[in-house]
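Enquirer: Quick one: sequence and predicted model below, then my questions.
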Amino acid sequence: MSNKGHRKDPAERLWKKVDCLGENECWNWLGASTHNGYGVLGPNLKERRAHRLSWTLHYGEIPDGQLVLHSCDNRKCVNPKHLFLGTPLENTEDMYAKGREKNPGPSVVQYGENVPSSKISTEEARQIRSLYHPYQRGLTKYLAEKFGLSQVQIRVVATGRQWSHLKEE
């Protein structure tokens, strides 16, 4: 019987190319890698990254907006004990905290009023969010004048596209 056209189980394809060492050691991917060093399964899985597949096999689907991060900082590692979920912001903060940034910069990710170009304070951002209503005629213009921002800036603060680190209130 021919095996042509039959695709192997993703788990089988993954573990076939992993050097599983001790339980708490890195399990390195031995197959193909992306240009920046992450293990990747080939075209049959649309270039799926090995560490993401390991996470899915052990813990289930990756929620929208989440990344699979490495506590060991080894991009080839697929040991599920070394993987954890985080947002893009948490990934960036982790990168800075561990000294992996490519360009010299702040040791902590800056956002909100700590960004040098910020025109408003955290309290003012909260005020904008509490006062804003998209259907109240003239309110956006009033808030823009009050806080010294454009109407577009008011809308992006009010809708959470900027200052997204503030909890919904």
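Expert: Sure, I can see it.
Enquirer: in the lowest-mean-pLDDT helix or strand in the chain, what's buried?
Expert: Least confident helix or strand of the chain, by mean pLDDT, DSSP states H and E, is helix 88-97 with a mean of 81. For helix 88-97, a neighbour-count test (16 or more other CB atoms under 10 Å) marks 91, 94, 96 as buried. To be clear about C-beta, it is placed using only N, CA and C from the backbone, and glycine gets the same treatment.
Enquirer: What strand or helix carries the residue nearest to the second one when sequence neighbours are not counted?
Expert: With CB to CB, 6 or more residues apart in numbering as the criterion, residue 94 has its nearest non-adjacent residue at 6.2 Å, and that residue is residue 69. With secondary structure defined by DSSP states H and E, residue 69 is part of strand 67-70.
Enquirer: Residue 137 now?
Expert: Using DSSP H and E, no helix or strand contains residue 137.
Enquirer: Tell me how many other residues crowd it.
Expert: 7 (other CB atoms under 10 Å).
Enquirer: Next: residue 35.
Expert: With other CB under 10 Å as criterion, residue 35 counts 6.
Enquirer: pLDDT score for it?
Expert: On the pLDDT scale, residue 35 is placed at 82.
Enquirer: quick check, nearest of the buried residues of helix 88-97 to residue 131?
Expert: Minimum separation from residue 131 among the buried residues of helix 88-97 (CB to CB) is found for residue 91, which lies at 33.0 Å.
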